[in-house]
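# sequence and predicted structure are below.
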Amino acid sequence: MSAQALGMLQGLAGANQKGEKPPQLFGEEQARQAAATMGVTFVSGETIKTGDLDGYRAHYMFDDISKVTVKMDQGTDNLAPGSETRKPPFGFAFTRGAASSVLTIQMPDQTPGAAGALPMPGAGSGSDADKAQAAQAMAMMKMMMRGLFVDVALTVNGRIIKSNAPYVEGSRVTLLQLDFDKLLADDAALLKLQSAKGVKDLAAVPGLKVVTEPTVTIEFSR
């Protein structure tokens, strides 16, 4: 994210920890904490600095994908101290066969309100003050989310024979993709996102690719 947005997030997080140094959001310590939560092993990491953007790239390894759990709010504990931890949305099962193998992916909870994992400023109650506050919040979000691109994908080591996933390119399956520049540039897309009562309502939102099936299966061969 931009250095300006990173500074704002550190300031917000630090406000919850009076008298303490603002928490670091990107670094090896955070990457190792995430590894312990996901059930993987931290291998290495490096700081990312590109123009006005700051970040961190972590490399992990695992022996058994069925023991891996991936949360979309991974590593955000410092942003909301004391907040309730969400149920890990991605779970995996793997069956090895002689001719082909099958990977099963449990997708995020699809009950109404699941889209709430993407909080967006509302339109307010209708008063001028509420509308002004909502507009200010949206302007701040657009500034903080500028250039943000989230891509959750899985690549199998082999050829995909069949899958019920809608986004398959070669051996790569996209599970979730968010292009915030496209999303925040389209007011209609924002309205769809705000009014969504479940994952299926998000399928046609510009800038968003999401799997609507609760379980994804991928059969592939080496």
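All right, it came through fine. The structure displayed is predicted, hence computed values, not measured ones. Numbering: from 1, shown residues only.

# now do the strands in the protein.
41-50, 53-61, 91-95, 101-106, 149-155, 159-163, 168-169, 172-179, 208-210, 215-221 (DSSP state E).

# just give the strands next to the first one in its sheet, each with its orientation.
So the one you mean is strand 41-50. As defined by DSSP bridges, the strand partners of strand 41-50 come to strand 53-61 (antiparallel).

# quick one on the thing from earlier: dump the strands of the chain into a markdown table; add mean neighbour count, distance to Gln33 and mean pLDDT as well.
Any C-beta I mention is one placed from the backbone N, CA and C, and that applies to glycine too. A markdown table is the format used below for the strands of the chain (neighbours: other CB atoms under 10 Å; distance: least, CB to CB, whole Å; pLDDT from 0 to 100):
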| stretch | mean neighbour count | distance to Gln33 | mean pLDDT |
| --- | --- | --- | --- |
| strand 41-50 | 12 | 9 | 93 |
| strand 53-61 | 14 | 11 | 90 |
| strand 91-95 | 15 | 20 | 93 |
| strand 101-106 | 18 | 23 | 95 |
| strand 149-155 | 13 | 20 | 89 |
| strand 159-163 | 15 | 33 | 97 |
| strand 168-169 | 12 | 32 | 96 |
| strand 172-179 | 18 | 22 | 92 |
| strand 208-210 | 20 | 27 | 88 |
| strand 215-221 | 17 | 28 | 96 |
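
# need those in TSV with distance to Gly7, can you?
Output for the strands of the chain, formatted as TSV (distance: least, CB to CB, whole Å):
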stretch	distance to Gly7
strand 41-50	14
strand 53-61	9
strand 91-95	35
strand 101-106	36
strand 149-155	21
strand 159-163	42
strand 168-169	37
strand 172-179	23
strand 208-210	28
strand 215-221	38
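
# so which of those is nearest Phe26?
Closest to Phe26 of the strands of the chain is strand 53-61 (CB to CB; 3.7 Å).

# got a list of contacts for that closest one?
Contacts to strand 53-61, defined as CB atoms under 8 Å, 6 or more residues apart in numbering, come from residues 1-3, 6, 26-27, 30-31, 34-35, 38, 40-49, 147.

# what's the angle between the longest helix seen in the chain and strand 172-179?
Using DSSP state H, we find that the single longest helix of the chain is helix 128-145. If you take axes from the mean of the first three to the mean of the last three CA atoms, to 10 degrees, helix 128-145 sits at 130 degrees to strand 172-179.

# low-confidence ranges, this protein, go.
For the chain, applying pLDDT under 70 flags the ranges 13-23, 72-88, 109-126, 134.

# measure the residue lying farthest from the centre of the chain to Ser221 for me?
Distance from the C-alpha centroid of the chain, by CA atoms, centre = their mean, peaks at Ala98 (34.5 Å). Noted for Ala98: a distance of 10 Å to Ser221, by CB to CB, to the nearest Å.

# how about Val68?
22 Å.

# ditto for Gly198
34 Å.

# can you list the domains in this structure?
With domains defined by automatic domain parsing, the chain comprises 1-86, 89-222.

# for the longest one, how far is the first residue from the last?
End-to-end distance of domain 89-222: 28 Å, with CA to CA, to the nearest Å as the criterion.
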